[in-house]
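J.: here is my input, please return the structure:
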Amino acid sequence: MNRIPSFLKWLISSILAVALLTGVFVLRGDGQAAPLPAEVTASPTSSSTAEPATDINNLLIALIDSEQKIVSVTVLKQSSDGTNLAVVNIDPETLIVPPGQGFVPISDAGLQGSFDGVDQAISGALGIPIDGSMYLQRLALAGLVDGVGGVTIDSDNLYRVSESGEAAQYVRPGTALLPGGLAAGYAMVKSKFETTDQFMNRTNQVLRAVFENQQGDEARVDEVLSALGSLAKSNVPTQSIARLIVELRAANLWSSANISRVPVN
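T.: Sure, this is the predicted structure:
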């Protein structure tokens, strides 16, 4: 062995050490490979505990413009037996008292950077039970529209559907299939020449088409809503909202929905 070069001695020793360690790991556990700890998985998971889904019957949907103003408020009210749907449109100029604020119009309730408690302030002011709320920015609504391949609307007039400062875009009178950007503007940009009822009718057309035409089961709709990220906020799990959307679609309640507005002028 003294005639063997030192580098060969080192190489042989290294190979033997690796083989020995390999044998220890493989043979651990009666000749079976030692299992990985249960907390180690092939894909990363969130460290936070997911909030469990809950059943909701009354969902508030608020549409938010680029200035963080609430431009449209709609409450979907499913009856407890799941056989009826009421769509309640709420005038954004209605005064409420959100947490930490005095009397403000609903439209201005989120200008301080938070919509927390706005839904319950609306519920208390108008006596409308609200189980959960979802706040959609314009890009979120546009994404939902594009996700269902656009929406067909029936416009009763010529409407500008772009906000002030943007390149002018219009929807003309008649029936048209609108892509996400135009549809979101049609639902959210109010003309000073139209009545509140006319504007709410436009919003209702887009929301109905978006939710009635969502494809897939509850898990798929939940995936779509979750993908909106920071462009949409809700105070209940998106799975709960997805469950309500699927239930309304499955029972075909949109076609027979009772539509009303509060407060009534």
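J.: before we move on, which element is Leu182 in?
T.: Assigned by DSSP states H and E, Leu182 belongs to helix 180-188.
J.: before we move on, what about Asn201?
T.: Here Asn201, judged by DSSP H and E, is contained in helix 196-212.
J.: quick one, that helix and helix 180-188 angle?
T.: 140 degrees (axes from the mean of the first three to the mean of the last three C-alpha atoms, to 10 degrees).
J.: who are the packing partners of the longest strand belonging to the chain?
T.: The longest strand of the chain (DSSP state E) is strand 70-78. On a contact count with 3 or more C-beta pairs under 8 Å, 6 or more residues apart in numbering; DSSP states H and E, strand 70-78 meets strand 58-64, strand 85-90, helix 180-188, helix 196-212, helix 238-250. All C-beta atoms are positioned from the backbone trio N, CA, C, and that covers glycine.
J.: mind checking which of those is nearest Asn258?
T.: Comparing the helices and strands packed on strand 70-78 against Asn258 with C-beta to C-beta, the closest turns out to be strand 85-90 (4.8 Å).
J.: before we move on, back to that, which helices and strands does the helix holding Asn201 pack with?
T.: By 3+ C-beta pairs under 8 Å, 6+ apart, helix 196-212 packs against strand 70-78, strand 85-90, helix 138-147, strand 151-155, helix 180-188, helix 238-250, strand 258-262.
J.: which of these sits most buried?
T.: Across the helices and strands packed on helix 196-212, the average number of neighbours (mean count of other C-beta atoms under 10 Å) peaks for helix 180-188, which reaches a mean of 25.
J.: so what's Trp174 bridging to?
T.: Quick fix: residue 174 reads Gly, not Trp. Ser155 (DSSP bridges).
J.: now Ser234
T.: Bridge pairing for Ser234 - DSSP bridges - gives Met134.
J.: that one against Leu228, yeah?
T.: No - taking contacts as C-beta atoms under 8 Å, Ser234 lies outside contact range of Leu228: 9.6 Å.
J.: do you know the pLDDT at the residue nearest to Asp65 when sequence neighbours are not counted?
T.: Leaving aside its chain neighbours, Asp65 sits nearest to Val71 (5.1 Å; criterion: C-beta to C-beta, 6 or more residues apart in numbering). What the model reports for Val71 is a pLDDT of 96.
J.: so where is the stretch 1-150 of the chain shaky, pLDDT-wise?
T.: For the stretch 1-150 of the chain, the stretches with pLDDT under 70 are 1-51.
J.: again, 80 this time
T.: In the predicted model, the stretch 1-150 of the chain carries pLDDT under 80 at residues 1-53, 112-113.
J.: which stretches of it form strands?
T.: 58-64, 70-78, 85-90, 95-96, 104-105, 132-137 (DSSP state E, counting those that start in this stretch).
J.: quick one: contacts of the fourth one?
T.: Just to be clear, that refers to strand 95-96. Strand 95-96 is contacted by residues 103-106, 109, 118, 121-122, 124-125 when judged by C-beta atoms under 8 Å, 6 or more residues apart in numbering.
J.: among these, who's most crowded?
T.: With neighbours defined as other C-beta atoms under 10 Å, the most crowded of the contacts of strand 95-96 is Ala109; it has 27 neighbours.
J.: measure that one to Gly229 for me?
T.: Distance, Ala109 to Gly229, using C-beta to C-beta, to the nearest Å: 22 Å.
J.: ok, back up a step: what's the angle from the longest strand of the chain to strand 132-137?
T.: Going by the same axes, to 10 degrees, strand 70-78 makes 150 degrees with strand 132-137.
J.: which strands border strand 70-78, and is each parallel or antiparallel?
T.: Strand pairing for strand 70-78, using DSSP bridges, gives strand 58-64 (antiparallel), strand 85-90 (antiparallel).
J.: just put these in CSV and tack on distance to Glu166.
T.: As requested, these are exported to CSV (distance: least, C-beta to C-beta, whole Å):
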stretch, distance to Glu166
strand 58-64, 16
strand 85-90, 25
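J.: which of the ones you listed sits closest to Leu178?
T.: Across those, the minimum distance to Leu178, taken as C-beta to C-beta, is reached by strand 58-64, at 15.4 Å.
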